[in-house]
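Generate a structure from the sequence data that follows.
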Amino acid sequence: MTEFFRLPPSGIKVIIVGTGFGGLCAAIECNRKGHDVILLEKVAELKPLGDIISFSSNSGHIFERWEGVVEKLEPIIHHSDGLSFHDWKGNFATKQVWGDEKQWGRRINGHRGEIQLTVFEHAKARGIDIRLGQRVTEYFETDTEAGVIVNGERLTADCVFAGEGVKSAGRKIVLGFEDRPKPSGYAVYRAWMSSEELAKNERTKHLVNNGDSHSGWIGEDKHFLAAAIKNGKEFSWVLTHKDDADIDEDWQFPGDKEEVKRNLEGWSPVVHDIVDLTPPDKLVDYKLVFRDPLPTFISPKARIALIGDAAHPFLPTSIQGASQSMEDGVTLAITLEKSGKDNVPRAIRAYEAIRYERVHRAQMTGVTTREQWHKADWDKIWKDVKSLHLKREAWLLDFDAETHAYEVVDDVLKKLDKGVTVKTDSLSEPTPAATNGIQAQLAQEIDQLA
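This is a model prediction of the structure:
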C-alpha cells in the first residue's frame with residue numbers, strides 16, 4: 001500500500017468546486033498540507049474527454065511530488081524532442097528542440113482526459129472526500145465561514161475555492177455582478193484520433209511511423225499544430241483561425257471538415273490529408289472566449305478564492321493555462337498552512353498577493369505568441385527562421401511553485417499584517433500605477449483581439 005506524504009492535521013476545512021486540474025491540484029495539495037477537503041464535481045461520472053493538453057516544466061515539479069503519478073503518466077504522454085515548423089505551403093523552416101529545458105523540470109503533454117483521470121485516481125487514493133453529481137448554484141460567506149448551495153443544500157467550511165472554469169458561479173460573489181464571456185475573434189478546430197489511417201498515407205506516414213512527432217504550419221492569421229503520441233499510435237491536431245461568430249454560454253460544437261478545409265485553402269497537401277483522414281465524430285469546433293481581467297481573485301470577506309480559469313482564463317497559445325491553475329492550488333495550500341485556522345482570510349489574501357502579478361504576466365504570453373505566428377512576415381522569417389520559435393523564458397518555466405511560496409509567504413503575511421496591499425510576486429509595495437499597470441496592459445492586448 002502506497003504511503004502518502006501528509007503534514008499533521010491543520011483543522012482547516014476547505015470546499016473545492018471543480019475537478020479540473022486547478023481543483024484536483026488544490027485538493028491534493030491541501031491534503032498534503034494537512035487540511036480537510038471536500039471536492040465537488042457536477043458530472044456524475046468522470047470520463048476521459050478532450051484532446052491534447054500541455055504542462056510545462058513549472059508544473060512538472062508538482063506532478064513529481066505526487067507519489068506514483070509520473071510513473072503512471074509516462075506510457076501515455078508525448079515524447080518527441082521538439083517542434084518542427086513549416087510555412088503554410090509545407091516548406092520546412094526550423095525545428096525548436098526542448099533539450100535545454102530539461103534542467104528546468106519535466107514536461108507532461110498528452111490527452112487531457114487520460115491525464116485528468118490519473119490525477120483523479122491519485123486524489124481518491126489519498127482518501128480525499130470527492131463527491132460527484134454535485135451542482136453548485138451559489139456561493140456565500142460570513143465573517144467566520146464560507147460555503148456553497150449544492151443540489152439545493154447548504155454546505156460550509158472555513159473557505160471555498162471556486163475552480164469550475166470561466167462559468168463559475170463564484171465569480172459573482174467576487175465581482176459583485178455576473179460577467180459574460182466575450183468572443184476573442186478566434187476559434188480552434190481540435191481533433192484526437194487513431195493514427196492508423198495516417199500511417200497508410202504517403203504524405204502523412206512520416207508523422208506517425210517513427211514514434212512521437214510534433215509539427216506546425218504557420219500562415220496569416222492561422223496556425224496548424226499536429227502531434228503524434230504513444231509511439232505514434234494516436235494523433236491530435238489543432239487549427240487556430242479567425243472567427244467572427246458570436247458566442248453565448250455554449251461555445252463548443254461538432255466540427256465541419258469542409259469548413260476546416262475552406263480555412264486551409266492553398267495550404268500544404270499534408271495538412272489537407274490530415275483533415276481528410278479525421279473521423280467526423282472526432283472533430284470539435286471550439287470558440288475562444290475571454291473574460292475581462294479581474295481586479296481581484298478573492299471575495300469581500302476573503303473566504304472564497306477563484307482558481308484556474310475562474311480567476312484567469314488563458315489562450316491556448318500561452319501553453320500555461322493548466323500549469324498556472326496548478327500553481328494556484330499549491331500556493332493556497334501553503335498560505336493556509338502558514339496562516340492557520342484562526343487566520344483563514346489572511347491566507348486567502350496572501351494567495352492573491354503571491355499569484356497576482358505572475359499569473360497576469362503569464363496570461364499575456366498567449367497573445368504575444370499567437371501574434372508572433374499570425375502576423376509573421378515570411379520574407380523576414382527566411383532570414384531568421386528561429387524567430388518562429390516559442391519564447392521559453394526562465395522566469396516562467398524555471399519555477400517551482402512550492403519552493404517559491406515557502407520562500408515568500410512569511411514576508412507577504414507580515415506585509416498584510418501591517419495593512420500593506422500586496423499584489424505582486426516581487427513583494428515590493430506597489431504604487432497605484434504599478435498595481436494597475438499589468439491590468440491595463442492586459443486589457444489593451446485583449447481589446448485588440450476583437
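
how about low-confidence regions in the protein?
244-251, 290-291, 423-450 (pLDDT under 70).

Sort out which residues of the longest strand along it are buried, please.
The longest strand of the chain (DSSP state E) is strand 182-194. Of the residues in strand 182-194, 183-193 count as buried by neighbour count, 16 or more other Cβ atoms under 10 Å. Quick note: C-beta positions are derived from backbone N, CA and C, even for glycine.

Likewise for stretch 334-346?
Of the residues in stretch 334-346, 334-339, 343-346 count as buried by neighbour count, 16+ other Cβ under 10 Å.

Over to stretch 258-271?
In stretch 258-271, counting by 16+ other Cβ under 10 Å, buried: 260, 263-264, 267-268, 270-271.

Check the secondary structure at residue 420 for me.
Recorded secondary structure, residue 420: coil (DSSP: H, G, I helix; E, B strand; the rest coil).

Just want the phi and psi numbers for it.
phi -80, psi 130 (degrees, to the nearest 10).

Could I have the CA atoms of the helix or strand hosting residue 28 written out in CSV?
Using DSSP states H and E, residue 28 maps to helix 21-32. Only the C-alpha atoms of helix 21-32 are listed here, as CSV (Å, rounded to 0.1, in the frame of the first residue of the first chain):
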residue,chain,number,x,y,z
PHE,A,21,-6.5,20.5,-12.9
GLY,A,22,-6.9,23.5,-10.7
GLY,A,23,-9.4,21.9,-8.4
LEU,A,24,-7.7,18.5,-8.3
CYS,A,25,-4.3,20.0,-7.6
ALA,A,26,-5.7,22.3,-4.9
ALA,A,27,-7.4,19.2,-3.3
ILE,A,28,-4.3,17.1,-3.4
GLU,A,29,-2.0,19.9,-2.1
CYS,A,30,-4.4,20.8,0.7
ASN,A,31,-4.5,17.2,1.7
ARG,A,32,-0.7,17.1,1.7
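
how far off helix 21-32 does the helix or strand just after that helix point, in degrees?
For helix 21-32, the succeeding helix or strand toward the C-terminus, using DSSP H and E, is strand 36-40. Per axes from the mean of the first three to the mean of the last three Cα atoms, to 10 degrees, the angle that strand 36-40 makes with helix 21-32 is 160 degrees.

What pairs with whichever helix or strand comes after strand 36-40, parallel or antiparallel?
Using DSSP H and E, the helix or strand that follows strand 36-40 in sequence is strand 52-55. Paired with strand 52-55 in the same sheet, following DSSP bridges, are strand 108-111 (antiparallel).

what sits up against the strand it pairs with?
By Cβ atoms under 8 Å, 6 or more residues apart in numbering, the residues outside strand 108-111 that reach it are 48, 50-55, 59-60, 63, 70, 73, 76-78, 115, 192, 227, 229, 234, 236.

What's the PyMOL line that selects buried ones from those?
A single PyMOL command selects the buried members of the contacts of strand 108-111 (16+ other Cβ under 10 Å):
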select buried, resi 50+51+52+53+54+55+59+60+63+70+73+77+78+115+192+227+229+234+236
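
before we move on, back to that, how far is the helix holding residue 28 from where the chain is centred?
When distances are taken as Cα atoms, centre = their mean, to the nearest Å, helix 21-32 is centred 14 Å away from the chain's centroid.

which secondary structure elements does it contact?
Counting contacts by 3 or more Cβ pairs under 8 Å, 6 or more residues apart in numbering; DSSP states H and E, helix 21-32 is packed against strand 13-17, strand 36-40, helix 112-125, helix 321-339.

buried ones in the third one?
Of the residues in helix 112-125, 112-120, 122-123 count as buried by neighbour count, 16+ other Cβ under 10 Å.

quick one: contacts of stretch 161-179?
By Cβ under 8 Å, 6+ apart, stretch 161-179 touches 14-18, 20, 22-23, 26, 42, 136-141, 160, 181, 249, 289, 291-292, 294, 296-300, 304-310, 313, 325, 329, 332.

Now the buried members of these.
14-18, 20, 22-23, 26, 136, 139-141, 160, 181, 289, 291, 294, 296-299, 304-310, 313, 325, 329, 332.

tell me what the longest helix seen in the chain is packed against?
For the chain, the helix reaching the highest residue count under DSSP state H is reported as helix 344-374. Judged by 3+ Cβ pairs under 8 Å, 6+ apart, helix 344-374 is in contact with strand 159-162, strand 222-229, strand 304-306, helix 321-339, helix 394-397, helix 401-417, helix 432-447.

ok, 6 Å please
Using 3 or more Cβ pairs under 6 Å, 6 or more residues apart in numbering; DSSP states H and E, the elements in contact with helix 344-374 are helix 321-339, helix 401-417, helix 432-447.

Any idea how far it is from the middle of the chain?
11 Å.

same question, stretch 42-58
Worked out by Cα atoms, centre = their mean, stretch 42-58 lies 10 Å from the chain centre.

Could you list the residues in contact with it?
Stretch 42-58 is contacted from outside by 101, 104-105, 107-109, 112-114, 117, 120, 132-133, 135, 190, 192, 236, 319, 322-323, 397, 399, using Cβ atoms under 6 Å, 6 or more residues apart in numbering.

Using PDB, write out every CA atom in that stretch.
Coordinates of each C-alpha in stretch 42-58 appear next as PDB, following Å, rounded to 0.1, in the frame of the first residue of the first chain:
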ATOM      1  CA  LYS A  42     -21.200  18.400 -11.200                       C
ATOM      2  CA  VAL A  43     -20.800  15.500 -13.500                       C
ATOM      3  CA  ALA A  44     -21.900  12.100 -12.200                       C
ATOM      4  CA  GLU A  45     -19.000  10.200 -13.800                       C
ATOM      5  CA  LEU A  46     -15.600  11.400 -14.900                       C
ATOM      6  CA  LYS A  47     -14.800  10.300 -18.400                       C
ATOM      7  CA  PRO A  48     -11.600  10.700 -20.500                       C
ATOM      8  CA  LEU A  49     -12.900  13.600 -22.600                       C
ATOM      9  CA  GLY A  50     -11.000  16.200 -24.600                       C
ATOM     10  CA  ASP A  51      -7.800  16.200 -26.600                       C
ATOM     11  CA  ILE A  52      -4.200  17.500 -26.200                       C
ATOM     12  CA  ILE A  53      -3.100  19.400 -23.100                       C
ATOM     13  CA  SER A  54       0.400  20.600 -22.200                       C
ATOM     14  CA  PHE A  55       2.000  21.100 -18.900                       C
ATOM     15  CA  SER A  56       5.400  22.900 -18.900                       C
ATOM     16  CA  SER A  57       8.300  22.400 -16.600                       C
ATOM     17  CA  ASN A  58       6.900  24.800 -13.900                       C
END
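
what's the span of stretch 375-385 from first residue to last?
Using Cα to Cα, to the nearest Å, the end-to-end distance of stretch 375-385 comes to 14 Å.

So the residue of the chain positioned farthest from its centre versus residue 274, what's the distance?
Distance to the chain centre peaks in the chain at residue 202, reaching 35.5 Å (criterion: Cα atoms, centre = their mean). According to Cβ to Cβ, to the nearest Å, residue 202 stands 13 Å off from residue 274.

what does residue 207 give?
8 Å.

wait, residue 213 sits on residue 228?
Yes: the criterion here is Cβ atoms under 6 Å, and residue 213 meets it with residue 228 at 4.6 Å.

Alright, that wraps it up for me.
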